[in-house]
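S.K.: The following block contains a protein sequence and its predicted model.
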Amino acid sequence: MHTIILHLLQFIQYQYTIIRWLLCFIVKFVPLKQWLWDDSHSPKYQKFKVDELPIVIQHHWDWKFDALQDYYRQRYGKTVAPIRHQTAATQVPDSCTCPRCGAPASFIYMNNGTHGQRLCKVCGHTFSSRQEKPLSLKCPYCGHALVPKKDRKFFRVHKCVNPHCSYYLHNLNQVDPEHLQDPYGKNRYKLHYIYREFTLDFFQMDLDSLPRNASSLHFRKQDAHIMGLCLTLHVNLGLSLRKTAQALHDLFNIEISHQQVANYARTASLLVKPFVDHYDYQPSDTLVADETYIRVRRRKSFVWFVMDAISRSILGYHVSDTRDTGACILVLRKAFRAFSKLPDTFRFIADGFSAYPLAAQQFQLRYGDAFSFDVTQVMGLTNDDAVSEEFRPFKQLVERLNRTFKFSYRVRCGYDNYAGATNNVALWVAYYNFLRPHQAKGNRVLNQVAQLETAENMPAKWQMLIYLGQQTVRSLQSSPATS
């Protein structure tokens, strides 16, 4: 028995030696494909990288002017006297106060003449003429204070300008020597640590507000069945407003204007949208996101989609005039409605656009570890790295979704306004999730609703969707908002 155990231990040690030799051989002679195509070494994709969060230092000023005067009176028997300025040039404006203790302007020096630095006589705090912030941002690599460089519409760019920062020196070593010889060769790379501070809170925006131009469902000349016919022709078949009115006249001898068709579509979208947004899709742990181009008033705009990679249902959608992080945060908020906490195996797949990692960073800042996730980015159009090769099929799902949406969008040649674009996209998402048969699902709808299954035809299903939307609006009005 002891001989067998000894033989097994010797065999395990022999296997361990072989494994170590194989690992050394792989590392030395067979480098992994992902290491060769790492995007951090490519100037093409390096500017899209999102750095980690900075070190945030909160400044709590516990010293107060009145309390300090009482302390000086008790300790020294007298208080601090106001400053007697010799000339008017040494006086500070009357609106100036000490940011630490709140001392008025009569207790503040012009510390370095006209260069802007000021000194409080009460607490000894030096500050500049600019208004001080209650917090400061530090570089997580060197601890150097970040310098605000650019002010954009919704965010401010902070940059670490320390030339001895370890992050900067590491990236500088990755620069191609040929680019260093060019006058502005280093500008092709992202070398310094950069942080984007958002000045607008996208998590406080209401996602369920209804516009005021919603019309009622009191029909004067037509009825609910004709409204369902309009939605069937306009949304399901992708006909334009005028083509829909012409088809109703040619097929059913129904006299209706294209403006009335637009009114029906707008009212239906406002009622159907709450049901589509708040439906319990029971999402999986894999989501895919992408954005595509549309035209609104002959200007380029964007539609954002977030879909479930398993059920293929659209969980979030948003129409925006800009392709920025704010719109990405809004569409992710809509997609994360069904999650109280992200699962441990959660995966989020998108392209190389930097808005997705920035949005993930803001979710981590807002909700902590409950909504902390990494973005798997599929770069380019070809599988040049191991990540793109593995997750390319997931990315193709949302690309196919974009082509399906463009089929119904092209016949309209753009939208007249953003309200119309949002309404049309909401109707199309309702059709895609609940009414459209999918070949991948055996020509069945993605989400089966019992009330829709009992409807006899498509106009009746649209009427039932409107009814379900009305019930959802009532439940939302009777309960507080949770988004």
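M.R.: Perfect, thanks for sending it.
S.K.: pretty sure Tyr14 is in a helix, no?
M.R.: Yes: counting by DSSP: H, G, I helix; E, B strand; the rest coil, Tyr14 is found in a helix.
S.K.: Neighbours of it, how many?
M.R.: 10 (other C-beta atoms under 10 Å). For the C-beta atoms, the positions are set from N, CA and C on the backbone; glycine is no exception.
S.K.: And stretch 228-242, end to end?
M.R.: 16 Å (C-alpha to C-alpha, to the nearest Å).
S.K.: That should have said stretch 127-143, apologies.
M.R.: First-to-last residue span, stretch 127-143, C-alpha to C-alpha: 21 Å.
S.K.: what's stretch 75-93 in contact with?
M.R.: 68-69, 72-73, 105-110, 114, 118, 121-122 (C-beta atoms under 8 Å, 6 or more residues apart in numbering).
S.K.: Got a ChimeraX select line for the buried ones in the residues you listed?
M.R.: This is the ChimeraX syntax for the buried subset of the contacts of stretch 75-93, where burial follows 16 or more other C-beta atoms under 10 Å:
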select :68,69,105,107,108,109,110,118,121,122
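S.K.: State the pair within the contacts of stretch 75-93 that is farthest apart.
M.R.: Spanning the widest gap among those are Arg73 and Thr114, at 34.3 Å by C-beta to C-beta.
S.K.: For Arg242, grab phi and psi.
M.R.: Note on Arg242: its backbone torsions stand at phi -70, psi -40 [degrees, to the nearest 10].
S.K.: circling back to that earlier point, how about a markdown table for the contacts of stretch 75-93, with pLDDT and distance to Val378 added?
M.R.: Output for the contacts of stretch 75-93, formatted as a markdown table (pLDDT from 0 to 100; distance: C-beta to C-beta, whole Å):
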| residue | pLDDT | distance to Val378 |
| --- | --- | --- |
| Leu68 | 86 | 60 |
| Gln69 | 85 | 64 |
| Tyr72 | 87 | 66 |
| Arg73 | 87 | 69 |
| Ala105 | 84 | 59 |
| Ser106 | 86 | 63 |
| Phe107 | 87 | 61 |
| Ile108 | 86 | 57 |
| Tyr109 | 83 | 59 |
| Met110 | 81 | 58 |
| Thr114 | 67 | 56 |
| Arg118 | 84 | 53 |
| Lys121 | 85 | 61 |
| Val122 | 85 | 59 |
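S.K.: And the contacts of stretch 75-93, which is closest to Val387?
M.R.: Using C-beta to C-beta, the contacts of stretch 75-93 come closest to Val387 at Arg118, 53.2 Å.
S.K.: thought the closest one was touching Pro99?
M.R.: No: judged on C-beta atoms under 8 Å, Arg118 makes no contact with Pro99 at a distance of 9.9 Å.
S.K.: Can you check which residues contact both of the two?
M.R.: Residues touching both Arg118 and Pro99 (C-beta under 8 Å, 6+ apart): Phe127.
S.K.: And the strands in the stretch 151-300 of the chain?
M.R.: Applying DSSP state E, counting those that start in this stretch to the stretch 151-300 of the chain gives strands spanning 155-159, 194-198, 286-296, 299-308.
S.K.: would JSON lines of those strands with mean neighbour count be doable?
M.R.: Output for the strands of the stretch 151-300 of the chain, formatted as JSON lines (neighbours: other C-beta atoms under 10 Å):
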{"stretch": "strand 155-159", "mean neighbour count": "16"}
{"stretch": "strand 194-198", "mean neighbour count": "18"}
{"stretch": "strand 286-296", "mean neighbour count": "20"}
{"stretch": "strand 299-308", "mean neighbour count": "20"}
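S.K.: Let's have those in JSON lines, adding distance to Ala327 and mean pLDDT.
M.R.: Below are the strands of the stretch 151-300 of the chain laid out as JSON lines (distance: least, C-beta to C-beta, whole Å; pLDDT from 0 to 100):
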{"stretch": "strand 155-159", "distance to Ala327": "13", "mean pLDDT": "88"}
{"stretch": "strand 194-198", "distance to Ala327": "13", "mean pLDDT": "86"}
{"stretch": "strand 286-296", "distance to Ala327": "8", "mean pLDDT": "91"}
{"stretch": "strand 299-308", "distance to Ala327": "6", "mean pLDDT": "92"}
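S.K.: any chance of those in CSV, with distance to Leu468 too?
M.R.: Shown next, in CSV, are these (distance: least, C-beta to C-beta, whole Å):
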stretch, distance to Leu468
strand 155-159, 39
strand 194-198, 36
strand 286-296, 24
strand 299-308, 20
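S.K.: Go through those and name the closest to Lys406.
M.R.: Closest of these to Lys406 is strand 286-296, at 7.0 Å (criterion: C-beta to C-beta).
S.K.: Which pLDDT value belongs to the nearest residue to Val161 once chain neighbours are set aside?
M.R.: Leaving aside its sequence neighbours, Val161 sits nearest to Val147 (C-beta to C-beta, 6 or more residues apart in numbering; 5.3 Å). In this prediction, Val147 carries a pLDDT score of 88.
S.K.: Just the buried residues of whichever strand or helix holds Thr472, please?
M.R.: Using DSSP states H and E, the element containing Thr472 is helix 458-478. Neighbour counts over helix 458-478 (16+ other C-beta under 10 Å) mark 458-466, 468-469, 472-473, 476 as buried.
S.K.: before we move on, the earlier item: got CSV for the contacts of stretch 75-93, with secondary structure and distance to Glu453 too?
M.R.: What follows is the contacts of stretch 75-93, written out as CSV (DSSP: H, G, I helix; E, B strand; the rest coil; distance: C-beta to C-beta, whole Å):
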residue, secondary structure, distance to Glu453
Leu68, helix, 75
Gln69, helix, 78
Tyr72, helix, 81
Arg73, helix, 83
Ala105, helix, 75
Ser106, helix, 79
Phe107, helix, 77
Ile108, strand, 75
Tyr109, strand, 80
Met110, strand, 79
Thr114, coil, 79
Arg118, strand, 74
Lys121, coil, 80
Val122, coil, 76
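S.K.: Can you give me the neighbour number for the closest residue to Ile55 other than its chain neighbours?
M.R.: Leaving out its chain neighbours, the residue that sits closest to Ile55 by C-beta to C-beta, 6+ apart is Lys138, at 3.9 Å. Residues within reach of Lys138, counting by other C-beta under 10 Å, total 16.
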